[in-house]
Structures are given as C-alpha cells and as structure tokens.
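Q: sequence below, structure please.
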Amino acid sequence: MKVSINWLKEYISLDGVSANELANALTTAGLEIEGVEPVAKGTNLVIGEVLSCVPHPDSDHLNVCMVEYGEGPTQIVCGAPNCTSGIKVIVAKVGAELPAITIKAAKVRGQESNGMLCSLRELGVNEKYLTEAQINGIEILPNDAPVGNTEVLKYLGYDDVVLDASQTPNRADCMAMWSVAKEVGAVLRREAKLPSYEGASKIGNPTTLKIISKSEKCPHFLGKIVGKVIVKESPKWMQDYLHAAGIRAINNVVDISNYVMLETGQPLHFYDLAKMPHKEITVIDDVDMKLTALDGIEYEVQKGDLLITTGGKATGIAGIMGGDDSKIDETTTGIIIEAAHFNHVSIRNTAKRLGLMTEAASRYIKGLEPLAQNKAVDRAVQLLIEYADASELEETVEAGCVNYSPIQVTETLEHCNELLGTTFKMDEVTEVLKALDFNPVVNGTSFTCTIPSYRTDIFIREDIDEEIIRLIGFDSLNKTLPKMEATAGKLTHRQALRRETKQVFTGLGMREVITYTLVKEQYMNDAVLPFGQHIQLASPMSEDRKYIRNSMMPSMLECLAYNQARKADNVNLFEISNVYEKDKVQERVGILLSDSLQENRLQKVDIKSDFFTLKGIVMSWLAKLGFASERIVIKENTLDTIHFHPYRSAEVYLQNDLIGIIGEVHPTYAKAMDVAPCVYAELNFDLLVNAKGTKVRFVPLDRYPSVSRDIALVVTVDTTAQSILDIIKKVGKRLIQSTEVFDVYQGEHVEKGCKSIALNIVYQATDHTLTDDEVVPLHQEILSELESKLNAKLRG
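A: Numbers count the residues shown, from 1 in each chain. Below is the predicted model:
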C-alpha cells in the first residue's frame, strides 16, 4: 500500500512529525514501512518565464533562451523541442540538486548557460503518469504561474512523500486510507477526522435495475444507476493522490472509483449505462469462456471463476477486472455503480491462474470490511455529484445482505498484565483503546471493547492485549523470566514408544524416511486402511500436492521406486508419520522391505525380505513395546487384496483391535508404482499408544535342561497351524518353553483333502529338571486335545 503524506494530512494533523519519524513510529507499532520516497526532488528551483528563445548558432537542436525569474534576465541553453518564448517554465538555478545531476554554470558550444529548464521526468516524477510530450520536453506551466515562486514542488502538487507500507496478513484494514489514518491517529494519539459521507447514496427515483447472484461466493452485491454524469478531467488534487498511490489518472468518473477504493478498501466498478441495455447484472460461476478485459487482453474463464454478466453476456471478471465492452470513456453519459463482496479464495485462485493481480484483486484476497460496500457506494455518489455533475440517480439495489453485528471482547487488567509481563494501570490501557476507537467500558478491573467494523483481525482478548503492547511500545516490557512449574525432564509415553520403535527398526538394518504429506489424487485412491473424508487443499502448490494423505503406502512406494531406479539394492525403510481425514489425525508406522534385509556374501548370510521376515520384524517390535505374542492375532487378509497379494498377506490384531495389514505388495500394484517385488506393513501406532502394554522384564538364562519332542499331525487342509499352536500352548502353558512349525506337506502318503504339519515342542521347567513322569502325560494330553478339537492324528 502506497500511503501519501499529503493525503494523510486531509484526515489528521501531522504537524511536527516528519515522514521518516512517522515511518519509524508505524513500523514500531507493527505496520512495516519498507520505503520513504518523495514524489519529486529538486532544490533551488524557481518558476520563470522565457523572454526569448533563439536557435543556438553552433547547433541544429539547441536554443539560447533569456529567462526571467525575478533576478534579472538569465541566459540558459535548452535542447527541448517544445521550448519557445512566452512560456512559463521550471528553472533549476546554478547549484540546484536534481535526482540525477547537480546544476553548474557552463558553456555549451560557446554559449553561457546558467541553469536548466526542467521537465517533470528530470525532477523524478514517474514516467507512467506523464504524457509523451511531458516525457520528451520541458514542463510548460499555466499562464498564471507566479514568476519567482520558489516553492515549485508545492505549486505543482509534487511536494509529497510516499510511505511504502507492507501489510501483515492479518491487517487487511491497512489497504484503505481511512483505516491507515485511524492507525496513524492511534499511534500518534491524535484524532483522525474522516469525511462526512454516510447516507449519500440513499437518494434516487424508482429503478428498473436488477441485481442477481447465482453463486454463494457472492453473498452481497449493491448496484445503483446514475443516469447522467459529465466525463472530464479529474481535479488536480485527486490526480496527485492517485499517482502517489501508484494508479494512473484517466478521467473523473474512473478516478472517483479508484479514489474511493483507496479510501475505503472496497473495490468499485463503474459500467457505462448505455453499454448495459438490459439494466441487469448477474453473478455466475459455472461457465467456460473467453473474455476481453479492460487491458485489451483476452482471458480464459473457467468454471468456478466468478463472472459478471448482463443479458447472458459476460461483462467482467468479478473482483479482478471489468470487460472492455462496458468501460467508461469520453462518450459515457450515465453509469451503473457496482460494489460487491466476493469470496477471497475464489478471487485469489482466479487472479493467480490468470496472472491478474490488480489493485481490486489484492484487496479482495486480503479480505474486506463487512460494511465496506455501503461505505463505498455512499462516498462514490457523494464525489460523483460534486466532481462529475451526477444527476438522475435511481435507488440503490441490493442482492443478499450484510450479516454483521459488532464484536465485543472483554479483558481484565490482571490477565493483560500477566500475559504481557507488565504492570500497566487501567488509565494507560484505556487511553490506547480509545485511540483505537475500541470504545472501552470499564467495570472494576475488567473492560469491554466494541471493535470497529474495519478491524477484522480482533476476536479474542489476547488480540486486545497485542494492540495495547504494540501501541504503548514493546520497549516498555521489562526483562523477566517466564513463570513455569519445575518438572522432571522425561519423554511422554508416546515419545518413548516412538523412540523405542526407531531403535528396533534401525537395529535391524532399516532406514527411516520422511515422505511428503501432500499427495496427488491417485494416491488418495490407493490408500491402505483409509478412514473418513479426505482433505483437499484450497490452494495447492501443484496437482501432485493437492491432498493431505490418508495412507503412507503410496508415498513409501514412490520412495522405493526412486531408489530402485538409481540401482539401489536392499532398500529397507520405515516411517512414523500422520495420516489425516477431515476431523481426525492418526499416527501410523509404515515398513517397506525389498530384496534382502541382511546380506553378507562372505559369511553366506542372506535374510530375504519376504512375508515371514516382515512378520518376524512386526512381532519382535510389538514384543519390545510390551505386547506379548499371546495378545497378537494374525488373520487372513480379507480387507485389502487390491494393494496386497491375497495369499501372502495378513491382518494383524491386538486381541480384537485391528492394528494393520502386512504382506507382499500385489504384483499389479507394484508394477503400477514401478517397483520390484516388495513387502509392506502399515500399522496403527495410535492404537498401540493407547493400549496397555506390559513392562518388558529381564528373564535369566535357563538353568535346567529342556526336553524336545517332534510330532507330525495329519489334519484337514483348512486347519490352520495357528489353531494347533493355540491348543498346545493352552494345555501345556506351564511347562512348554516354545513351539515351532518346521514342515507342512501335502501329497503322496497323505490322504486327499488333508495335510501334514510337523512341529517341534520344547518342554522346560524353571525350577527343576523335568522327568518322563511329567513330560509323557502332558505330551499325551496335548495329543488327545488336538485329536478331540481338530481331529488331528499322528502321522504314521
């Protein structure tokens, strides 16, 4: 936002405050001023009159001029093509300092020259506000310009300084001069007086204008017909203020729309009434088309972009730029005023895609004051009547409404001082709040503020505290240590489990990775154990980073593909990260193994990264976290056979709660992700954090010998080995040290529809040596129970 010092003086006294001092005060208060630049520069200037202008005897383009500026005729050599006798000019006397040069007395091809006749460009005025004649020649002043006047910049209206203010995202109000004036008034503790304008638009005859909004992105729209206006040049002061703000003056009607936007922060658009024969404006957001805007460029509008139409024909890109067909020009005799509220996200997306970051768009994107539309229409009507001879006004038409009620925030002096670490008195606090127009009402040690409509950043009491300290000054804060209870430094339960997990996996030779949380749409469709409604970003960086992931599997496979494409072998990874849905976050663990987990050619060690290796890692990890194998249940995978191999994957349960899925990645999906065969596990870490695990205790080495028995059982093909192990553990749990399946066989010598499962059972006592009298009966009981429950028979 470019802030003109002269414009500010229209609202507030800046006596005794220089531009640099004001810039420092505003920056200290939180409105960062990035630059302080004069509109024009020049010392030792004076208004003069060219008495005579004759060609230079030794040049084909120079002239020798006699100039009077109150000190007697002075000879100056000038090369401007528009220099002639009888004109009033800007004279830079000898010793004058201009932006680019210092003027010295000199001889130019033998002729004395004691000064310079200046153009506005040579005084530093931005060329974009000058005509071609002004750029190429000296500035010719009006005939009534006072010769000898040394306050040349003031006479020209260029004795202004512009502050370049950089708004923080929360201070959208500082995109309006009225709000900046209020801010300056609060900082300087001076009253800011704004123009009286309220109700200026509440006049007019009955109207035929119709305003329609067919989009929820436009909740409020005001329209008003001004039947007659006279298009002419704007007042000089208005042109100067617009130029200081970085906007080129065009004509009085267009300039008033820009001027009001800068004053109120509300973008306006004026349509040529004659070019809007339907007297109807409709806002839509559901078409694809092309539109030629005011800049003469054709833009492609897509569905979702807000569009202004009349009679079914597009006439402007809402909130960004009007169409070329309805622009104001010298033939305009009547206008339609538009003031609307458009959704800031929609405007940002459209402006970004089209590359059209206009002054209007930048204000919509920041967010508008709720009452800005009414303020802007009132002020525009007031100025149109005064400077464009507006007449034949019709009543204002409104679509939608303003849902606004003043926000009230209550704070206590005790909480304010405690939060800030200060000892402010109530008088100090209320002084600041009154300067901000917060109208504080004190009740004992508490005070209630009614927030002005333009301060859309104030909601809670901490916001009030921030306002107090930034205006009293951060340098008033004493050096204090934070108050906090002394606590023992230790990990939370979740942190401890997370650290234990990392130690287990890295100890097994795996590497931790951190993959992107933002993913593309296809990855959302390929989620493992997805939950809830997924989240789409309003303004994504790219199509590949459009969603917040609800599974880690696609991201980890992408990481594997990247490494395998670069000939990396034995890529074994794990990740602990969050997945998301609309109202919930879940922490998960992902494990990805490929090729071999451990390999040593010299020692002939090769632990393949297959389903059983992955299952062993998961079981070892769970045991390390305090979840004994008896509590872990492995079941056939029926939840996801699209991303996992249906016969080489399993569901893992902690008793009755699903932890996750482990297994070989489905060959079809692996091919789609461009990875070699691999195994993957995705497990719910939150469930393990919330479950109650037992403490992992040290168990001394066995002191007594064990007794081993091998058995081969013939069972039906649908009997699982796990069911056999469960019965063995249940019957002989006191003396059974371990059980292991070492062979499964189907074929010759085994009845059709049956299979043979061979197991090793190890018996051992912790306090004595077992005898046959103890082992044999228990072993026989186990065989009997297996036969009774599973019809399992010893293989002959």
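Q: in this protein, which ranges drop under the pLDDT threshold?
A: 796 (pLDDT under 70).
Q: domain ranges for it?
A: The chain is divided into the following domains under automatic domain parsing: 2-39+161-188, 45-156, 210-400, 408-472, 493-690, 707-794.
Q: and those as JSON lines, adding mean neighbour count?
A: Glycine gets a C-beta too; all of them are placed from N, C-alpha and C. Shown next, in JSON lines, are those (neighbours: other CB atoms under 10 Å):
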{"stretch": "domain 2-39+161-188", "mean neighbour count": "19"}
{"stretch": "domain 45-156", "mean neighbour count": "17"}
{"stretch": "domain 210-400", "mean neighbour count": "20"}
{"stretch": "domain 408-472", "mean neighbour count": "17"}
{"stretch": "domain 493-690", "mean neighbour count": "17"}
{"stretch": "domain 707-794", "mean neighbour count": "14"}
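Q: so for Gly204, which of the ones you listed sits nearest?
A: Shortest distance between Gly204 and the domains of the chain, using CB to CB, is found for domain 210-400: 4.1 Å.
Q: tell me how far that closest one lies from the chain's centre.
A: 27 Å (CA atoms, centre = their mean, to the nearest Å).
Q: can I get the domains of the chain in TSV including distance to Met484?
A: Output for these, formatted as TSV (distance: least, CB to CB, whole Å):
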stretch	distance to Met484
domain 2-39+161-188	27
domain 45-156	54
domain 210-400	36
domain 408-472	13
domain 493-690	19
domain 707-794	49
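Q: nearest to Ser196 among the ones you listed would be which one?
A: Counting by CB to CB, Ser196 lies closest to domain 210-400 out of the domains of the chain; the figure is 8.8 Å.
Q: endpoints of the closest one, how far apart?
A: End-to-end span of domain 210-400 (CA to CA, to the nearest Å): 13 Å.
Q: when you give positions from now on, start the count at 230
A: Got it, first residue is 230 now, which makes that one domain 439-629.
Q: which helices and strands does the helix ranked longest in the chain pack with?
A: With secondary structure taken from DSSP state H, the chain has its longest helix at helix 1001-1019. With contacts defined as 3 or more CB pairs under 8 Å, 6 or more residues apart in numbering; DSSP states H and E, the packing partners of helix 1001-1019 are strand 936-945, helix 950-960, strand 983-992.
Q: mind listing residues that contact it?
A: For helix 1001-1019, contacts defined as CB atoms under 8 Å, 6 or more residues apart in numbering pick out 936, 938, 940, 942, 944, 948, 952-953, 956-957, 960-961, 964, 990, 992, 994, 1021-1023.
Q: ok, then the element right after it?
A: strand 1022-1023 (DSSP states H and E).
Q: now do that next one: distance to the chain's middle.
A: Using CA atoms, centre = their mean, the offset of strand 1022-1023 from its chain centre is 69 Å.
Q: contacts for it next, please.
A: Against strand 1022-1023 from outside (CB under 8 Å, 6+ apart): Ile940, Ala941, Leu942, Val943, Leu1012, Glu1016.
Q: go on, stretch 784-802?
A: 738-742, 744-745, 748, 752, 778, 804, 819-826, 828, 838, 894, 899, 902-905, 907, 909.
Q: the same query, at a cut-off of 6 Å, please.
A: 739-740, 742, 744-745, 819, 821-826, 902-905 (CB atoms under 6 Å, 6 or more residues apart in numbering).
Q: what's the distance between Gln815 and Val918?
A: As judged by CB to CB, to the nearest Å, Gln815 and Val918 stand 11 Å apart.
Q: so who does Ser967 touch?
A: Val991.
Q: quick one: what helix or strand has it in it?
A: Using DSSP H and E, Ser967 sits within strand 965-974.
Q: tell me how far Gln832 lies from Ile846.
A: Relative to Ile846, and taking CB to CB, Gln832 is found at 21 Å.
Q: for the residue positioned nearest the centre of the chain, what is the enclosing helix or strand?
A: With distances taken as CA atoms, centre = their mean, Ser768 lies nearest the centre of the chain, 7.5 Å away. Using DSSP H and E, Ser768 maps to neither a helix nor a strand.
Q: distance check, it against Gly584.
A: 15 Å.
Q: same check, this time on Leu737
A: For Leu737, the distance to Gly584 - CB to CB - is 52 Å.
Q: now Val973, which residues is it bridged with?
A: Using DSSP bridges, the bridge partners assigned to Val973 are Ile986.
Q: wait, isn't it in contact with Ser985?
A: No - assessed by CB atoms under 6 Å, Val973 is found out of contact with Ser985, at 7.1 Å.
Q: touching, Ser395 and Gly264? I think so.
A: No - counting by CB under 6 Å, Ser395 stays clear of Gly264, with 9.3 Å between them.
Q: so who does Val489 touch?
A: Leu497, Ala605, Arg608, Ala609.
Q: ok, the residue lying closest to Lys837 once chain neighbours are set aside - contacts?
A: Closest residue to Lys837 apart from its sequence neighbours, by CB to CB, 6 or more residues apart in numbering: Ser825 at 5.7 Å. The neighbourhood of Ser825, defined by CB under 6 Å, 6+ apart, consists of Asn799, Asp835, Lys837, Ser838.
Q: could you redo the last one with a cut-off of 10 Å?
A: Gly738, Asp798, Asn799, Asn801, Val834, Asp835, Ile836, Lys837, Ser838, Asp839, Thr842 (CB atoms under 10 Å, 6 or more residues apart in numbering).
Q: closest one of the residues you listed to Ile576?
A: For the contacts of Ser825, the nearest to Ile576 is Asn801 (48.4 Å; CB to CB).
Q: what pairs with Gly551 across the strands?
A: Applying DSSP bridges, one finds that Gly551 bridges with Gly545.
Q: quick check: it touching Met505?
A: No - using CB atoms under 10 Å, Gly551 makes no contact with Met505, being 11.3 Å away.
Q: list residues touching both of these two?
A: In contact with both Gly551 and Met505: Thr544, using CB under 10 Å, 6+ apart.
Q: ok, which stretches of the stretch 330-479 of the chain are helices?
A: Secondary structure of the stretch 330-479 of the chain (DSSP state H, counting those that start in this stretch): helices at 361-365, 381-385, 406-417, 465-473.
Q: please name whichever of these is nearest to Thr659.
A: Across the helices of the stretch 330-479 of the chain, closest to Thr659 is helix 406-417 (CB to CB), at 13.1 Å.
Q: helix 465-473 and that closest one, what's the angle between them?
A: 80 degrees (axes from the mean of the first three to the mean of the last three CA atoms, to 10 degrees).
Q: how about helix 406-417 as PDB, C-alpha atoms only?
A: C-alpha atoms of helix 406-417 as PDB (Å, rounded to 0.1, in the frame of the first residue of the first chain):
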ATOM      1  CA  MET A 406      -6.500   5.200   3.500                       C
ATOM      2  CA  TRP A 407      -9.300   5.800   6.100                       C
ATOM      3  CA  SER A 408      -8.000   2.800   8.200                       C
ATOM      4  CA  VAL A 409      -4.400   3.900   7.800                       C
ATOM      5  CA  ALA A 410      -5.400   7.400   9.000                       C
ATOM      6  CA  LYS A 411      -7.100   5.700  12.100                       C
ATOM      7  CA  GLU A 412      -3.900   3.700  12.600                       C
ATOM      8  CA  VAL A 413      -1.800   6.900  12.400                       C
ATOM      9  CA  GLY A 414      -4.100   8.600  14.800                       C
ATOM     10  CA  ALA A 415      -3.800   5.800  17.300                       C
ATOM     11  CA  VAL A 416       0.000   5.700  17.100                       C
ATOM     12  CA  LEU A 417       0.400   9.500  17.400                       C
END
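Q: thanks a lot, see you next time.
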